[in-house]
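Colleague: Generate a structure from the sequence data that follows.
(2 chains)
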Amino acid sequence: MSEPKPLPIAARSEGCPFTPADELYEMQRSEELPRIMVPSPLLDEFEAATITRYEDAKNALSDTRLRMGFVFDPDAPRTMLNQPGNLLNYNGADHSRLRRMLTGAFTVKRVRSLRPMIERIVSDRLDAVERAGAGADLVRLFSTPIPTLVICELLGVPYADRADFQHRAQVGLDVNTSRETQIQNLAEMDEYMATLIASHRESPGDNLLGSVVRDHGDELTDEELVGIGNMLLIAGHETTASMLSASTTLLLRNPDQLAVVRDEPDAVDGAVEELLRYCSPATAMPRQAGEDMAVRDQEIEEGERVVVSVLAANRDLPEAAERDLDRLDVRNPPKHHVAFGYGAHQCLGQQLARMELRIALPALFNRFPELRFACSEEDIEYRTKALVFGVRNLPVTW
Amino acid sequence: MRVNIDVDQSRCVAAGHCVSAAPEVFDQRDEDGVVVLLDEAPAEHEHEGVREAALLCPSAAIAVREAERRL
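Modeller: Numbering: from 1, shown residues only, chains lettered A, B, ... in the order given. Next comes the predicted model:
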């Protein structure tokens, strides 16, 4: 087998940030399971078998032998990968016990009941965009604040603390920072969250953290509650923020597709699924083999790391024969995709994310029917190396 | 054709796809989002949604058995 190549975990095409890198398509065609070197500030660079085909991805993400997280080490510095409470660090019965303490807050019914709150937040942000006038940056004024405000409302974070919250979540997901920066950043998050948890212990608020403390406070340590809060904050806002700015950019580049989202309310739910498939914001998902095993007939040894490329897998769905999956087609939503992962770890907050996208995107295009870039398309900078794909700046006019 | 549905509540991860795909057939428990089967043998117009629910369920908690109607 050839030496593993270094490949950014989120490798996208040089020509188009929405398209998987050519190397990923080569891997998809290869009968071998290629090994790549993946950069990570928390684990240093590591070698991983790369899964790029849809069926392999679905099987791997639901295979309990491929484990999440990395064993807690109380003597090592606390990082996102070494803290209790974060669902991404648990497997099997421990994972499902902890997850079920939170799932009541994310049922379809509960998420629907949040609609008026989300609509109010979206409408306020559209007012802010309008006030800013031509050249307004949608990343700063629209796509980042919406999920931040929603998750802060759910967690019961005071308004004044929200900017710090947002900053720390971004640092936490940036693979281009140092290990020291990550440790320092998490220490700040912990300190803040510990104060919030203490106040909920005193008097549980009428929000998600309050209800977890009320219903399960006796079963959870303060440290676990801090980890739960950190996880909900990061997972709950950075991904949706990225998805809002990425899909807005993508639609501005494809005006005929934008018109469908703007003018056809019945098409919006399906359009959101197609946008999720096409952008695949949580680009790659890492696992570790708990025992010797095989993917197709390729051997993976116990302890070996595996990375599932969600981006590549979402261009390899079974419906490929019926349509060109490299073309965005919001009228033709995918029957299924793995943008939220698959298996027991499939995104806890996916219904909330969908609700935010379904409300915010049509509202934006209806408020500004003539919306367009206020810069040349080449001046839009993308975050193609972070764990979560995103757009750095999105100046618009109307 | 008729379909019979089994749900395995112990596997459920409360992703909610089933409720979106076939709201007359599936619900979620308020306290933890675990799937609740409302109708074990739903009418024909529900079958497509039921199959979609089984297909989308990330934890294989929904099994659909299709059987010819016995005379």
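Colleague: wait, what's in contact with the closest residue to A:Y278 other than its chain neighbours?
Modeller: Setting aside the residues directly before and after it, A:Y278 is nearest to A:L328 in space (C-beta to C-beta, 6 or more residues apart in numbering or on different chains), at 5.1 Å. Just so you know, the C-beta spots here come from the backbone N, C-alpha and C atoms, and that holds for glycine as well. Under the criterion of C-beta atoms under 8 Å, 6 or more residues apart in numbering or on different chains, the neighbours of A:L328 are A:250, A:254, A:257, A:274-275, A:278.
Colleague: Check A:R392 too.
Modeller: Going by C-beta under 8 Å, 6+ apart, the list of residues near A:R392 reads A:139, A:380-383.
Colleague: What parts of the stretch 251-398 of chain A come near chain B?
Modeller: Residues of the stretch 251-398 of chain A lying close to chain B by C-beta under 8 Å from any C-beta of the partner chain are A:335-336, A:340-348, A:350-351.
Colleague: Same list, those residues, but as TSV with secondary structure please.
Modeller: Rendered in TSV, the data for these read as follows (DSSP: H, G, I helix; E, B strand; the rest coil):
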residue	secondary structure
A:K335	coil
A:H336	coil
A:F340	coil
A:G341	coil
A:Y342	coil
A:G343	helix
A:A344	helix
A:H345	helix
A:Q346	coil
A:C347	coil
A:L348	coil
A:Q350	helix
A:Q351	helix
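Colleague: mind listing what's buried in stretch A:198-206?
Modeller: Residues of stretch A:198-206 classed as buried by neighbour count (16 or more other C-beta atoms under 10 Å in any protein chain shown): A:200, A:204-205.
Colleague: Other residues contacting it?
Modeller: A:156, A:209-211, A:213-214, A:217, A:222, A:225.
Colleague: The same query, at a cut-off of 7 Å, please.
Modeller: By C-beta atoms under 7 Å, 6 or more residues apart in numbering or on different chains, the surrounding residues in contact with stretch A:198-206 are A:156, A:209-210, A:213-214, A:217.
Colleague: ok, the contacts of A:L328 vs chain B, which is closest?
Modeller: Nearest to chain B among the contacts of A:L328: A:E274, at 15.3 Å, using C-beta to the nearest C-beta.
Colleague: Could you double-check that A:S178 sits in contact with A:P41?
Modeller: Yes - the pair A:S178 / A:P41 is scored as a contact, 5.9 Å apart, by C-beta atoms under 7 Å.
Colleague: picking up where we left off before, generate a PyMOL selection restricted to the buried subset of the residues of the stretch 251-398 of chain A next to chain B.
Modeller: Only the buried entries of these go into this PyMOL selection, using 16+ other C-beta under 10 Å:
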select buried, chain A and resi 336+340+341+342+343+344+345+346+347+348+350+351
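Colleague: Would you point out the most distant pair within the residues of the stretch 251-398 of chain A next to chain B?
Modeller: A:K335 and A:L348 (22.5 Å; C-beta to C-beta).
Colleague: Find the nearest non-adjacent residue to the residue of the stretch 251-398 of chain A found nearest chain B, please.
Modeller: Nearest to chain B in the stretch 251-398 of chain A, going by C-beta to the nearest C-beta, is A:Q346, at a distance of 3.9 Å. In space, and not counting its chain neighbours, A:Q346 is closest to B:P58: 3.9 Å by C-beta to C-beta, 6+ apart.
Colleague: Got the confidence number for the one you found?
Modeller: We have a pLDDT of 97 for B:P58.
Colleague: What of A:D316?
Modeller: For A:D316, the predicted pLDDT is 94.
Colleague: got a list of what it touches?
Modeller: A:D316 makes contact with A:28, A:53-54 under the criterion C-beta under 7 Å, 6+ apart.
Colleague: residue closest to the middle of chain A?
Modeller: A:T239 (3.3 Å; C-alpha atoms, centre = their mean).
Colleague: wouldn't it be in contact with A:A282 here?
Modeller: Yes - in this structure, A:T239 is within contact of A:A282 by C-beta under 7 Å, at 5.9 Å.
Colleague: where do the contact lists of the two overlap?
Modeller: Jointly contacting A:T239 and A:A282 under the rule C-beta under 7 Å, 6+ apart are A:V388.
Colleague: Can you show me the strands along the chain?
Modeller: Picking chain A for this. Here chain A has its strands, by DSSP state E, at A:5-6, A:35-38, A:46-51, A:66-67, A:136-137, A:284-289, A:293-295, A:298-300, A:305-309, A:372-373, A:382-383, A:390-391, A:395-397.
Colleague: You answered for a different chain; I wanted chain B.
Modeller: B:2-7, B:26-28, B:35-37, B:62-67.
Colleague: Out of those strands, which is closest to A:V391?
Modeller: strand B:26-28 (33.9 Å).
Colleague: Who are the packing partners of the closest one?
Modeller: Judged by 3 or more C-beta pairs under 7 Å, 6 or more residues apart in numbering or on different chains; DSSP states H and E, strand B:26-28 is in contact with helix B:17-21, strand B:35-37.
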